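Participant: here is a sequence with its predicted model. Questions after.
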Amino acid sequence: EKLKKSNKLKKTKKTASYSENHTILVCGERDFSFTKGLIRHRKKREGIVSTTKHSKQQILEKCPKATAWLDSFQDVKIMYSVDPANLKRSMSPTLFDRVIFNFPSSGDQRVHVNRNLLRDFFANVGCFVKSAQRGGEVHVNLINGSPYDKWDVKKVAAESKFILVHTLSFDIGSFPGYHPQNWDPELKNLTKKGSTVHVFGRPMTDEEKSQTDKNVAM
């Protein structure tokens with residue numbers, strides 16, 4: 001079965017949500033307050049791997065309050081110094097139901113730099129999400145409007161065979177305790193502009209297709 005994209009893609013009124021049954025990889029955490037909110041949202045700690053490109057020392061220096069919730073993350077796997085643009089270097093390939101990348105940022109305002117961040121992310125993340133046919137999704141949350149709409153996330157993702165399936169609205173209140181504007185200056189416009197979760201799926205690899213065919217034949 002082919003992964004199809006809609007020619008008349010429209011923003012839905014549905015809001016991003018995550019089931020307690022989903023296995024989830026969180027990329028690009030800053031102070032882990034999203035992970036805190038995600039646990040409250042799905043009412044379950046198990047099944048979450050949360051990563052940041054920063055060291056633990058950097059996190060605690062920038063947000064000392066994070067100590068309080070980091071210590072409560074039993075059954076959540078926390079990984080430091082994991083670059084979303086080079087996941088393969090830091091993690092062994094594991095297929096998750098959902099991969100979440102909230103407000104990706106290179107730390108540089110230039111469009112091409114952030115576009116390259118997304119390009120490298122999609123080039124890596126295929127090894128960490130189930131195929132769309134098996135229910136896997138990559139969620140990239142971007143602030144609405146300029147300059148984020150110039151990053152061409154749909155086009156960049158397609159270079160790695162990811163298809164934009166649909167979009168979701170993002171309700172920060174669904175993730176109690178999440179404060180994305182804590183210490184990232186690029187997020188100052190979030191409250192005013194809002195954001196959209198872009199949902200991507202990937203097709204099955206040849207190896208996955210072959211395995212599916214074998215299972216059907218048995």
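Facilitator: Yep, it's here.
Participant: so for the nearest residue to Arg115 once chain neighbours are set aside, what's the pLDDT?
Facilitator: In space, and not counting its chain neighbours, Arg115 is closest to Trp151: 5.0 Å by C-beta to C-beta, 6 or more residues apart in numbering. For every residue, glycine as well, the C-beta is placed using N, CA and C. On pLDDT, Trp151 comes in at 96.
Participant: ditto for Lys8
Facilitator: As predicted, Lys8 sits at a pLDDT of 49.
Participant: which stretches in this structure count as strands?
Facilitator: 11-15, 24-27, 48-51, 77-79, 98-102, 137-143, 163-169, 195-201 (DSSP state E).
Participant: can I get those in JSON lines including distance to Pro185?
Facilitator: Rendered in JSON lines, the data for the strands of the chain read as follows (distance: least, C-beta to C-beta, whole Å):
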{"stretch": "strand 11-15", "distance to Pro185": "26"}
{"stretch": "strand 24-27", "distance to Pro185": "20"}
{"stretch": "strand 48-51", "distance to Pro185": "22"}
{"stretch": "strand 77-79", "distance to Pro185": "25"}
{"stretch": "strand 98-102", "distance to Pro185": "16"}
{"stretch": "strand 137-143", "distance to Pro185": "12"}
{"stretch": "strand 163-169", "distance to Pro185": "24"}
{"stretch": "strand 195-201", "distance to Pro185": "16"}
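Participant: residues in contact with the most centrally placed residue in the chain?
Facilitator: Residue closest to the average C-alpha location in the chain (C-alpha atoms, centre = their mean): Ile100, at 1.8 Å. Counting by C-beta atoms under 8 Å, 6 or more residues apart in numbering, Ile100 touches 18, 24-27, 34, 38, 139, 141.
Participant: of all those, which comes closest to Leu95?
Facilitator: Comparing the contacts of Ile100 against Leu95 with C-beta to C-beta places Leu25 closest, at 9.5 Å.
Participant: show me where pLDDT drops low in the chain?
Facilitator: Low-confidence segments of the chain, defined by pLDDT under 70: 1-13, 181-184, 213-218.
Participant: switch the cut-off to 50
Facilitator: For the chain, the stretches flagged by pLDDT under 50 are 6-8, 10-12.
Participant: the strands of the chain: which one's closest to Gln57?
Facilitator: Among the strands of the chain, strand 77-79 comes nearest to Gln57, with 13.7 Å by C-beta to C-beta.
Participant: contacts for stretch 132-140 next, please.
Facilitator: Outside stretch 132-140, the residues touching it (C-beta under 8 Å, 6+ apart) are 1, 3, 16, 95-101, 104, 118, 121-122, 125, 129-130, 153, 157, 162-163, 165, 168, 197-204.
Participant: same thing but 7 Å
Facilitator: 1, 3, 16, 95, 97-101, 104, 125, 129-130, 153, 162, 165, 197-204 (C-beta atoms under 7 Å, 6 or more residues apart in numbering).
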